[in-house]
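**Student:** give me a 3D structure for the following:
(one chain, ligands or ions: 1)
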Amino acid sequence: MLERQTNSLTDPLGRYYTNSLVGSLLVNSMDAQNPELILDLGAGDGALINAAAQRWEKSNYLTVDIDQNAESSFLPKKYGAAFKHFHLDALNENLAAELDLEWGQIDIAVCNPPYIRPPWKKQFSEILEDAGLSNVLTKINEIPADMLFVAQNLRMLKDGGKLGLILPDGLISGERFKRFRAELISKHSIEKVIELPRKIFRNTDAKAHILVLKKNCRSENITVQKFCSNGILSDVHFVNADMAAKRLDYSYLISNNRSNKKHQLTIGDVTEVLRRGQYSSSEIDKLNFPVFHTTEFDSKSKYIDSSFNLEGKQSIPYKIVKAIAGDILIARVGRNLSTKVRMVKSGSVAISDCILLLRVKEKYRDEIYSFLKSKNGEIALEALSHGVGAKFITPKSLAELLF
Ligand SMILES: C[S@@+](CC[C@H](N)C(=O)[O-])C[C@H]1O[C@@H](n2cnc3c(N)ncnc32)[C@H](O)[C@@H]1O
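**Tutor:** Model prediction:
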């Protein structure tokens, strides 16, 4: 879907380009009549501004990219004076003046920002402050470029103007960015969020979402959808502002939707023990007793193999994390973790630090195991393992799952 244009896995300018299908989905998700000025910061080869120009034919189109070889620099030559390109740093504190504009003059902005962390610059504080986003992260020098691009776009937009973004999963669902989402929701109307299929970037597992907002308007219920890999848009799911600050990703919201649940209970409500195992994969080889690790989920059986049973084994340290009969073991990190769920049948078992041990009240044991092994459980675990690149499940996020 989004085409990577470079060979390196971490392009310093985050040059991963949008394909035309996602570009049209983005602009067609934005409800706007006769916009005069349309802006694309980090325009790359111009996929988003081209989609916008097809939708709104009589506008003026401004593109900005720091890469002097960006294809969008040829748009004015190709299509005429309605297009203007600027070879500029979009995070310039005087961006509006550089574009011969005042702040707050843009009707529509489209943007797929670079998902990178630029070295901290003093002007970033001003950009965030001006956009009302200065208090969203505790470590100010860890602000990712995508958030700074959101801030610059907000400064450029007029009140009531629309911003259509393609944002990384972290900003949409990550715990760390909860305040960022809460701030956006309290100041602007989030009109739509559309989850895009995983592997939308070639060569990486990065996940992204479309987000459309209207500047300085009140948020009503937010509509969340998923664009499935077969090209079909899912049904619409509505979320209120509180839930949306927590998470805005369709898969999680659907799999954790209260109205579909038998109990109004979370896994945490019925849990006695929920913790990580102890041994790292490098330690395991040096031990003379077996340790259950993520590589051992192969068998199709409900239970882990009895060879991991510690009974009768020598040199077991007195104080180790042991899973016991009835405990559910869940892969916490790694590939296909949503399918890696097993139970301990008998005895006790040592586990690696890539495994979560879940001990629930006996009454709920089989029900929770069946839920985690069901299609819904798999979707829920998959949705928990969010973030660009690293896939992992935290005990806290598991405990919050409704079953
Ligand atoms: C993820 S790509 C998106 C390109 C295009 N908008 C699309 O959707 O296909 C990010 C773009 O931002 C540009 N970029 C990175 N840092 C920038 C900066 N500080 N100022 C302007 N452009 C920047 C990159 O050169 C790249 O073209």
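
**Student:** can we go C-alpha only for contacts and neighbour counts from here?
**Tutor:** Will do.

**Student:** how about the closest residue to the ligand within the stretch 101-250 of the chain: what's its closest non-neighbour residue?
**Tutor:** Closest contact between the stretch 101-250 of the chain and the ligand, by C-alpha to the nearest ligand atom, is at Pro114 (4.0 Å). In this structure, Pro114 finds its nearest non-sequential neighbour in Gly14, 4.4 Å apart by C-alpha to C-alpha, 6 or more residues apart in numbering.

**Student:** before we move on, the earlier item: the residue of the stretch 101-250 of the chain closest to the ligand: neighbour count?
**Tutor:** 25 (other C-alpha atoms under 10 Å).

**Student:** thought it was touching Leu148?
**Tutor:** No: the pair Pro114 / Leu148 is not scored as a contact, 10.0 Å apart, by C-alpha atoms under 8 Å.

**Student:** contact residues of this protein facing the ligand?
**Tutor:** Contacts of the chain with the ligand, taken as C-alpha under 6 Å from any ligand atom, map to 13-18, 42-48, 64-67, 88-91, 111-114.

**Student:** can you rerun that using 8 Å?
**Tutor:** For the chain, the residues in contact with the ligand (C-alpha under 8 Å from any ligand atom) are 2-3, 12-19, 23, 40-49, 64-67, 70, 87-92, 110-115, 145, 166.

**Student:** for the residue nearest to Pro114, give me its contacts.
**Tutor:** 113-116 (C-alpha atoms under 8 Å, 6 or more residues apart in numbering).

**Student:** may I ask which two of these are separated the most?
**Tutor:** Distance extremes for these: the farthest pair is Pro113 and Ile116 at 8.7 Å, using C-alpha to C-alpha.

**Student:** ok, the two, which is more surrounded?
**Tutor:** More crowded of Pro113 and Ile116, by other C-alpha under 10 Å: Pro113, with 27 against 17.

**Student:** tell me which residue lies farthest from the centre of the protein.
**Tutor:** Largest separation from the mean C-alpha position in the chain: Gly312, at 45.7 Å (C-alpha atoms, centre = their mean).

**Student:** please parse this structure into its domains.
**Tutor:** As given by automatic domain parsing, the domain ranges for the chain are 3-249, 267-399.

**Student:** Ser255 is nearest to which of these?
**Tutor:** Nearest to Ser255, of all these, is domain 267-399, at 5.3 Å by C-alpha to C-alpha.

**Student:** wait, Gly326 sits on Gly347?
**Tutor:** No: counting by C-alpha under 8 Å, Gly326 stays clear of Gly347, with 9.6 Å between them.

**Student:** show me which of the two is the more surrounded one.
**Tutor:** Counted by other C-alpha under 10 Å, Gly326 and Gly347 do not tie: Gly326 has more neighbours, with 22 against 15.

**Student:** excluding its backbone neighbours, what's nearest the more buried one?
**Tutor:** Residue nearest to Gly326 in three dimensions, not counting chain neighbours: Val344, with 5.4 Å by C-alpha to C-alpha, 6+ apart.

**Student:** surely that neighbour and Ile304 touch.
**Tutor:** Yes: between Val344 and Ile304 there is a contact at 5.8 Å, judged by C-alpha under 8 Å.

**Student:** centre-most residue in the chain?
**Tutor:** Asp169 (1.1 Å).

**Student:** can you pull the contacts of Leu398?
**Tutor:** 267-268, 381, 384.

**Student:** same question for the helix or strand containing it, mean pLDDT?
**Tutor:** Following DSSP states H and E, one finds Leu398 within helix 395-399. If you average the pLDDT over helix 395-399, you get 92.

**Student:** what about Asp305, neighbour count?
**Tutor:** For Asp305, the neighbour count with other C-alpha under 10 Å is 17.

**Student:** cool, Val236 as well?
**Tutor:** Around Val236 there are 15 residues (other C-alpha under 10 Å).

**Student:** please tell me how far it sits from Lys302.
**Tutor:** Separation of Val236 from Lys302 (C-alpha to C-alpha, to the nearest Å): 35 Å.

**Student:** repeat for Ser281
**Tutor:** With C-alpha to C-alpha as the criterion, Ser281 and Lys302 are 23 Å apart.

**Student:** what count of nearby residues applies to Gly104?
**Tutor:** Applying other C-alpha under 10 Å, we find 16 other residues in the vicinity of Gly104.

**Student:** sorry, slip of the keys, the one I care about is Gly80.
**Tutor:** Residues within reach of Gly80, counting by other C-alpha under 10 Å, total 10.

**Student:** thinking again about what came up before, now, which of the contacts of Leu398 sits nearest the ligand?
**Tutor:** Leu384 (24.2 Å).
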